[in-house]
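Colleague: can you look at this prediction? I've put the sequence above it.
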Amino acid sequence: MLLDDLKSNLSTPINSKIETDGKYRLASILVVIYGKEPIVVMTEKPKHMNFHAGEISFPGGKLDSDDSDLLETALRETSEEIGLTISKEQVIGQLEPVVTLNSGFLILPFISVINQIPTLSANAEVEKIFHIPLNSFLKTQAKDPDPSHNLIQEMYTFEYQNQIVWGASARILKQIQDCLKS
């Protein structure tokens, strides 16, 4: 699939504010897809983190009181975590919010599809940065075999280099996969 096709299939109106009944804390992430192949950028969280330790995820984090909205959160966190500056104009759409099973976050995913990116640099919140071929990665999708993970909604897993991507990140990938099939 070419970047232009991805842009076409993943472009949506952007509404960077969501309402919550106080049950969840708000967060957002940025799905960055780049290159001819195309490649998706993901990170591994350090094992010492309070939330999501050792998990494979997208750059992003919780809404800060200084952030004007969740899009600003995603762009700020992406810049802080992996040294990638994306402008609001480079964000082409968003996906449906997802909730985390253990940490109580409601995450709004945004998407940026760009031709190329500079060399990335991880901060202390990132153990490792992955550049994953999107098409072959999406083909690894499977149902999550752990029944305790299916408490809030149907769960999936994806695999890259013998690492399992699950939870909110996998549900975001499943949304991307579904958009690309339509």
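Modeller: Good, I have the coordinates.
Colleague: so what touches the least confident helix or strand in the chain by mean pLDDT?
Modeller: Each helix and strand of the chain was given a mean pLDDT (mean pLDDT, DSSP states H and E); the minimum falls on strand 142-143 at a mean of 82. Residues from elsewhere that reach strand 142-143, judged by CB atoms under 8 Å, 6 or more residues apart in numbering: 154, 155, 156, 157, 158, 159. To be clear about C-beta, it is placed using only N, CA and C from the backbone, and glycine gets the same treatment.
Colleague: from the residues you listed, which is closest to residue 137?
Modeller: Nearest to residue 137 among the contacts of strand 142-143 is residue 158, at 6.1 Å by CB to CB.
Colleague: for residue 133, see how far away the closest residue to residue 87 other than its chain neighbours is.
Modeller: The shortest distance from residue 87 to any non-neighbouring residue, by CB to CB, 6 or more residues apart in numbering, is to residue 75 (7.7 Å). Distance, residue 75 to residue 133, by CB to CB, to the nearest Å: 25 Å.
Colleague: compare these two and say which is more crowded by neighbours.
Modeller: Using other CB atoms under 10 Å, the more surrounded residue of residue 75 and residue 133 is residue 75, with 24 against 14.
Colleague: which elements pack onto the helix or strand that one falls within?
Modeller: Per DSSP states H and E, residue 75 falls inside helix 70-82. Using 3 or more CB pairs under 8 Å, 6 or more residues apart in numbering; DSSP states H and E as the contact test, the elements touching helix 70-82 are strand 25-34, strand 39-44, strand 60-62, strand 91-94, strand 105-114.
Colleague: try it again at 7 Å.
Modeller: Using 3 or more CB pairs under 7 Å, 6 or more residues apart in numbering; DSSP states H and E, the elements in contact with helix 70-82 are strand 25-34, strand 39-44, strand 60-62, strand 105-114.
Colleague: quick check: angle from the top helix by length along the chain to strand 105-114?
Modeller: Taking DSSP state H as the criterion, the chain has its longest helix at helix 167-181. Angle of helix 167-181 versus strand 105-114, following axes from the mean of the first three to the mean of the last three CA atoms, to 10 degrees, is 40 degrees.
Colleague: distance from the chain centre to stretch 91-109, please.
Modeller: Relative to its chain's centre, stretch 91-109 lies at 8 Å (CA atoms, centre = their mean, to the nearest Å).
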